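Undergrad: Provide a 3D model corresponding to the input given below.
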Amino acid sequence: MPEIKKDPLYIYDPVTAEILKPVDLLRDIDQLPDDDLATLITDGEDLLNELSVAVNQLRATLQHRLEADQAVLRETPGFTVKLTAQREYVYNLPALLKLKEHLTPEQYAKAVPTPDPKPNKTELNKLVKLGGAIKQIIEAAVKPVDKPPKLEITRKVQVQANA
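TA: Residues are numbered from 1 along each chain as shown. Model (predicted):
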């Protein structure tokens, strides 16, 4: 029997060569031989990888359009699209050690936990409100770093009128 040329964007039944929908993959799953299950799994994973690449390209294109228009919000009939600024913080741990001179051991342990000294931003924000030397130490030791904006897409709920 000649082999049928398969489109990589579909998953095919290993027995009948019919195009399968995702729900069809679970049909009679207990009766499928291991080889057929393995085929469906690897074909599905290949399809997911290809779709992931395509979706990432689509996201990049949409984000580029918003950035080109210097827009952070776009409303379409079906979607709300936003570019959300992102930021992370870089901590100068040796500089944060100076806080030990101004805080109780409990306050310091909350703000800069050990053994993993990843500072607690919430606790540091509370301490900044104390002002004075504590505020100066924290502001000198914590530097914000802007990251590329995140593209957020929200589908609008379609309300259907009762007919």
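Undergrad: Can you list the residue ranges for helices in the chain?
TA: For the chain, helices defined by DSSP state H occupy the ranges 34-68, 93-96, 105-111, 121-128, 132-141.
Undergrad: Select, out of these, the one closest to residue 10.
TA: helix 34-68 (7.6 Å; C-beta to C-beta). Heads up, the C-betas are built off the backbone N, CA and C, glycines and all.
Undergrad: Against which helices or strands is the closest one packed?
TA: Here helix 34-68 touches strand 11-12, strand 79-91, strand 142-155, going by 3 or more C-beta pairs under 8 Å, 6 or more residues apart in numbering; DSSP states H and E.
Undergrad: between that helix and strand 142-155, how big is the angle?
TA: Angle, helix 34-68 to strand 142-155, by axes from the mean of the first three to the mean of the last three C-alpha atoms, to 10 degrees: 110 degrees.
Undergrad: tell me which residues of helix 34-68 are tucked away?
TA: The neighbour-count check on helix 34-68 (16 or more other C-beta atoms under 10 Å) flags 39-40, 43, 62-63, 66 as buried.
Undergrad: got it, and stretch 96-109?
TA: Result for stretch 96-109 [16+ other C-beta under 10 Å]: buried residues 96, 98-99, 103, 107-108.
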